[in-house]
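K.L.:
sequence-free structure coming up:
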């Protein structure tokens with residue numbers, strides 16, 4: 001029987017260093033059992049990149065197509081990528097040419113992958129074995145440096161993570177909950193149906209024969225060829241799927257090249273170990289433990305590595321009700337696969353008797369030649385909890401939140417209002433006073449007198465070296481026993497529903513950071529919304545789990561260094577509809593002072609944007625009413 005024929009294809013206009021990492025990952029793909037060819041559309045402006053494609057073709061069955069004169073309109077900037085409409089149209093034509101070629105030459109599938117993606121070697125075989133019409137392997141990217149990592153797949157619309165509303169009035173908080181649930185789901189290994197995808201997509205012959213295309217739909221306002229492809233595919237009755245088993249590395253910025261070595265190191269043993277531990281955790285939480293507390297049990301074909309389940313034995317009937325919480329999990333490589341050790345806490349009841357136990361689980365996870373993971377032989381040992389319950393890093397209840405704040409001469413601004421409000425929903429407060437010479441410290445101690453708090457005062461201000469202040473702030477907060485660190489400035493205040501929303505955000509074990517939108521209020525009851533003042537359109541991290549062993553990495557910028565270490569962006573992050581008000585721009589005098597401060601501390605706009613600095617004093621900015 002002939003092997004499935006798969007065409008790997010990519011339009012290429014790429015920096016030579018990033019292209020080198022991309023081509024290296026292509027050469028390391030496991031293609032056993034597959035008949036693979038490559039097509040690269042050479043749209044490079046750098047001759048070194050074109051030379052790399054030719055060198056790859058010398059060693060792999062590859063066709064290189066050339067294009068006409070390069071057009072401008074695409075740029076890789078430090079923060080993001082910029083595309084013009086002409087550049088998007090050019091890529092659209094390239095991709096449709098690839099699809100037409102794959103259809104005419106009767107390939108069984110075409111794998112379209114962008115040239116800044118580094119793949120796990122098993123990716124191609126894994127996607128083929130998913131046995132669906134269109135599937136993308138999910139990767140995670142900080143689309144801007146100060147934003148959390150987000151997937152390149154989405155649930156509906158242009159890039160929405162909530163279900164389509166179809167004209168229904170859905171409360172914003174419900175949409176936010178749906179978005180959080182979707183992002184958290186994609187962090188778990190599995191195969192999930194989605195509404196949109198791109199950049200790393202396997203397309204079957206069935207989809208090709210149906211006539212899928214990247215061509216723009218003129219009546220839709222969506223930006224980017226992938227969105228139009230997804231709409232056309234679903235209109236043709238094709239379902240879109242996202243795999244989260246083998247996340248690629250996206251080299252979105254030059255600095256991401258430093259991550260390639262670590263990514264390649266984890267491709268084999270480390271990734272196999274982590275997948276096995278995740279699979280064992282998922283299996284035991286779904287299956288329970290009561291059926292096997294005294295004897296060994298064999299769980300054959302519990303899960304396959306592309307998300308399909310086979311029936312699991314059910315727990316014995318009875319009056320037992322249990323809640324299982326995984327406290328820790330580890331794996332050790334064996335000749336056959338991975339030996340997994342889990343520690344769980346089980347609470348519940350047996351009849352009328354309460355149950356509080358420590359449960360220790362061992363599982364042998366076999367690694368098949370096909371790449372599937374098979375859970376074989378699970379052993380469970382339980383013992384009473386005698387006050388030695390392990391401390392979970394991620395707890396689903398009872399989490400304590402620390403408010404961490406830097407202050408300097410804030411006594412007569414918004415400090416009293418902000419702290420009074422925060423005291424109603426946090427468990428403790430840590431204040432770092434940057435050598436204030438007014439009554440700031442006294443205000444803090446007065447307002448926080450009824451709450452656990454600490455005020456640390458510096459003898460010399462570090463205001464002109466923000467990264468030093470932020471480092472001190474982080475180290476002090478991380479040294480506490482708090483489970484979560486909330487970092488607010490002295491002029492930032494949540495809307496009132498934080499009292500009801502915050503507990504659900506922290507009492508969970510699925511994500512380790514939460515991002516919110518910050519609205520710049522320009523006068524009471526109104527926030528500014530224009531080109532330079534649109535922070536509220538972006539989610540930024542303000543709340544981070546206090547993880548033992550986290551090694552912070554800082555951006556050493558005197559201004560705008562970020563309130564958290566920059567590698568917080570790599571944590572599993574949820575987005576919340578809960579909004580923050582930034583009060584610091586409401587007063588005209590304060591705005592004058594901030595302009596002077598920026599001119600003094602950042603005269604060349606090295607750490608910010610000059611046009612934004614200059615726009616602070618605009619006479620007639622566009623304002624929008626703030627509503628609770």
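P.N.:
In hand now; what should we look at? None of the values given here were measured: they were computed from a predicted structure. Residues are numbered from 1 along each chain as shown.

K.L.:
What degree of burial does the residue lying closest to residue 164 once chain neighbours are set aside show, as a neighbour count?
P.N.:
Leaving out its chain neighbours, the residue that sits closest to residue 164 by C-beta to C-beta, 6 or more residues apart in numbering is residue 156, at 4.4 Å. In short, each C-beta sits where N, CA and C put it, glycine included. Close neighbours of residue 156, defined as other C-beta atoms under 10 Å, add up to 17.

K.L.:
In this structure residue 279 contacts residue 372, no?
P.N.:
No: using C-beta atoms under 8 Å as the test, residue 279 is too far from residue 372 to be in contact (10.3 Å).

K.L.:
more crowded one of those two?
P.N.:
Comparing residue 279 with residue 372 by neighbour count (other C-beta under 10 Å), the higher total belongs to residue 279, at 23 against 15.

K.L.:
Could you pull up the mean pLDDT of the strand or helix carrying the more buried one?
P.N.:
Element membership of residue 279, judged by DSSP states H and E, is helix 269-287. If you average the pLDDT over helix 269-287, you get 68.

K.L.:
One more: stretch 14-33?
P.N.:
Stretch 14-33 comes out at a mean pLDDT of 92.

K.L.:
How about the residue positioned nearest the centre of the chain: what's its closest non-neighbour residue?
P.N.:
Nearest to the centroid of the C-alpha atoms of the chain, with distances taken as C-alpha atoms, centre = their mean, sits residue 149, at 3.3 Å. Excluding the flanking residues, the one nearest residue 149 by C-beta to C-beta, 6+ apart is residue 140, at 4.0 Å.

K.L.:
Could I get the contacting residues of that neighbour?
P.N.:
In this structure, residue 140 makes contact with 149-151, 247, 250, judged by C-beta atoms under 8 Å, 6 or more residues apart in numbering.

K.L.:
Ok, residue 125 next?
P.N.:
For residue 125, the contacting residues are 30-34, 371, by C-beta under 8 Å, 6+ apart.

K.L.:
go again using 10 Å as the cut-off
P.N.:
When contacts are counted by C-beta atoms under 10 Å, 6 or more residues apart in numbering, residue 125 touches 4, 6, 29-34, 370-371.

K.L.:
Show the model's pLDDT score for it.
P.N.:
Confidence at residue 125, expressed as pLDDT, is 87.

K.L.:
Spell out which helix or strand contains it, please.
P.N.:
Here residue 125 is covered by helix 123-129, with elements defined by DSSP H and E.

K.L.:
After that helix, which helix or strand is next? Please name it.
P.N.:
Assigned by DSSP H and E, the successor of helix 123-129 is strand 134-137.

K.L.:
what lines up beside the helix or strand following that next one in the sheet?
P.N.:
The element immediately downstream of strand 134-137 (helix or strand, assigned by DSSP H and E) is strand 140-141. Using DSSP bridges, strand 140-141 pairs in its sheet with strand 150-151 (antiparallel).

K.L.:
Other residues contacting the strand it pairs with?
P.N.:
With C-beta under 10 Å, 6+ apart as the test, strand 150-151 has contacts from 136, 138-143, 159, 161, 182-183, 186-187, 194, 197, 242, 244, 247, 515, 539, 573, 575.

K.L.:
Keep only those of these that are in strands.
P.N.:
Among those, DSSP state E puts 136, 140-141, 194, 242, 515, 573, 575 in strands.

K.L.:
Farthest pair within the residues you listed?
P.N.:
Farthest pair in these (C-beta to C-beta) is 136 and 515. Separation: 23.1 Å.

K.L.:
Compare neighbour counts for these two and give me the winner.
P.N.:
A count of neighbours by other C-beta under 10 Å puts residue 136 above the other of residue 136 and residue 515, at 27 against 23.

K.L.:
what's the closest non-adjacent residue to that one?
P.N.:
With sequence-adjacent residues excluded and distances taken as C-beta to C-beta, 6+ apart, residue 136 is closest to residue 197, at 3.8 Å.

K.L.:
One more: residue 451?
P.N.:
Nearest non-adjacent residue to residue 451 (C-beta to C-beta, 6+ apart): residue 423, at 5.1 Å.
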